[in-house]
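In: With the input below, show me the fold.
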Amino acid sequence: MTSATTEDQPPQPPKGAAPDGEPQEAGVREEEYRYRNASVGREDTRLVVIRGNSASGKSSVAQGLRDHYGRGIAIVGQDVIRRNVLREHDTARGANIALLGRIARAALDAGFHVVLEGILYADRYGHMITSLVRGHRGASHCYYLNVPLETTLVRHASKADAAYLAHVTDSHLTSWYREMDLLPGALETVIPADSTLQNTIARILRETELASASPIPPPQDKPSQGASMSKLVLMSDPRVAAIPVRECGEPLVDVRDRGFRVDPRKQDPLGAFAHVREGVLVRLEHARSLLPAGTDLLFIEGYRPLALQQRYFTEYRDELAAAHPDWTAETLRQAASRYVSPPEIAPHSAGAAVDVTLVDQDGHELDLGTRVNASPEESHGACFTCATNISDRARRHRTLLLNAMESAGFTNYGTEFWHFSAADRYDALMRQEPHARYGPIELA
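Out: Numbering: from 1, shown residues only. Okay, the predicted model is just below:
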């Protein structure tokens, strides 16, 4: 990690010279030199550089930083510029190198914090990065995600995108891999492979002083349920329903065919409860592989038919109405959505959601603070993922579950520590995706 500041007006270089008296690289005009070494950004902007080999988690970390901070962070991704915008090969003279630097500079000058992420080989991108760090008026922090090749291949194989897996093979990853490809000058903090996604994000937020920022603003006019509600986006939020669905057509599959521990408490005659979308199952298997020895997932419920979802929602809303006769219909709907999703956007009815907890090697449930499916009233708010009225042991278990599930691509619903979903409307909103891939579906 490094913090770098410069004066507003750096000294003018003599013609043909470069920093530290080295020969200026061929073909770089004097005005280009001045541009690349001019001061950039403000004292309060942050530059975060995240480098590492393919499948090391760079993009996930960058997205996690934005998910916490919200608007105000610009993610400048090497793959987006090189592959999507320019569609060029990664070479020492690639046009994407200068373009990445210019975009980062423009964003910093506009007052954005910038996360520059990519493989960004040191011998090709090092000069651009170090010039950016040197010229940034604010603090700059550089990180290298050090993931062994063996772990890289395992992570790659767990991806749900079959087309990508067919296009990018293990041979590709092996040929691209460089061990500890660090920038010169000890600019980078090396983050080891055993740092979980959430721990890495938390560390960077803390060290860059971005941790105090607020996430996505909460919905308005919801009933007051204590301080822990203030940062939550509820299922009833209009922004969730506004996310369009582009149904991908993945089938529902039975998790019992893949060796999962399945609890019978939500079973039904057709076994619908044990089904999820194919891509969700892949993520579940990945999450399971991330748990330590002696700990396993306990699958409780996946797919829920729309009629059953409607019944659950109506019953809970009616309970709240009886307890709070002064609440309006909209207030009741929002309060009910803390515990049961409105049927029209329910992740369970899309086959996109799972209710899970942790068990030991003998199948005994671990203490996570309250029973799965405990309502806010029954648990006195302990069902909320970030509840403070639980033991340290329960909190450690929740963190273990949360890290595994989120590292596998799930989004947690903050009012239920056991509820996770992927590629549905709620997940799409929280990840700022333009659309969801899973909509309501019927079990064939």
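
In: Next up, phi/psi of the nearest residue in space to residue 81 that is not next to it in sequence, please.
Out: Closest residue to residue 81 apart from its sequence neighbours, by Cβ to Cβ, 6 or more residues apart in numbering: residue 96 at 4.8 Å. (Glycine included, C-beta is placed from N, CA and C.) Geometry field for residue 96 lists phi and psi as phi -70, psi -20, criterion degrees, to the nearest 10.

In: For residue 79, see how far away residue 96 is.
Out: Separation of residue 96 from residue 79 (Cβ to Cβ, to the nearest Å) stands at 9 Å.

In: got the contact list for the residue nearest to residue 81?
Out: Residue 96 is in contact with 78, 81, 82, 85, 86, 88, 90, counting by Cβ atoms under 8 Å, 6 or more residues apart in numbering.

In: Report whether residue 341 is found in a strand, as I expect.
Out: No. With DSSP: H, G, I helix; E, B strand; the rest coil as the criterion, residue 341 is located in coil rather than a strand.

In: from memory it sits against residue 352, does it?
Out: No. Under the criterion of Cβ atoms under 8 Å, residue 341 is not in contact with residue 352, lying 10.9 Å apart.

In: What score does the residue nearest to residue 81 have for pLDDT?
Out: As predicted, residue 96 sits at a pLDDT of 95.

In: Same check on residue 137?
Out: In this prediction, residue 137 carries a pLDDT score of 92.

In: And the one 10 residues further on, by the same measure?
Out: pLDDT for residue 147: 87.

In: from now on call the first residue 49
Out: Right, with 49 as the first residue, what we last looked at is residue 195.

In: Can you tell me how far it is from residue 103?
Out: Distance check for residue 195 against residue 103: by Cβ to Cβ, it reads 7 Å.

In: With residue 388 instead?
Out: Counting by Cβ to Cβ - residue 388 and residue 103 are separated by 37 Å.

In: and the two? which has more neighbours close in?
Out: Neighbour comparison, residue 388 and residue 103: the larger count goes to residue 103, with 24 against 21 (by other Cβ atoms under 10 Å).

In: so residue 156 touches residue 89, yeah?
Out: Yes. Using Cβ under 8 Å, residue 156 is in contact with residue 89, at 3.3 Å.

In: what residues are shared contacts of these two?
Out: By Cβ under 8 Å, 6+ apart, residue 156 and residue 89 have these common neighbours: 95, 162, 184, 186.

In: which of those residues tops the neighbour count?
Out: Counting neighbours by other Cβ under 10 Å, residue 95 comes out on top of the shared contacts of residue 156 and residue 89 with 30 neighbours.

In: ok but that residue is inside a strand, no?
Out: Yes. According to three-state DSSP, residue 95 belongs to a strand.

In: Tell me the bridge partners for it.
Out: Using DSSP bridges, the bridge partners assigned to residue 95 are residue 162, residue 188.

In: got the contact list for it?
Out: Applying Cβ under 8 Å, 6+ apart, one finds that residue 95 lies in contact with 89, 152, 156, 161-162, 164, 180-181, 184, 186-189.

In: could those go into a markdown table alongside distance to residue 447?
Out: As requested, these are exported to a markdown table (distance: Cβ to Cβ, whole Å):
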| residue | distance to residue 447 |
| --- | --- |
| 89 | 34 |
| 152 | 33 |
| 156 | 34 |
| 161 | 26 |
| 162 | 29 |
| 164 | 29 |
| 180 | 35 |
| 181 | 33 |
| 184 | 34 |
| 186 | 31 |
| 187 | 28 |
| 188 | 30 |
| 189 | 24 |
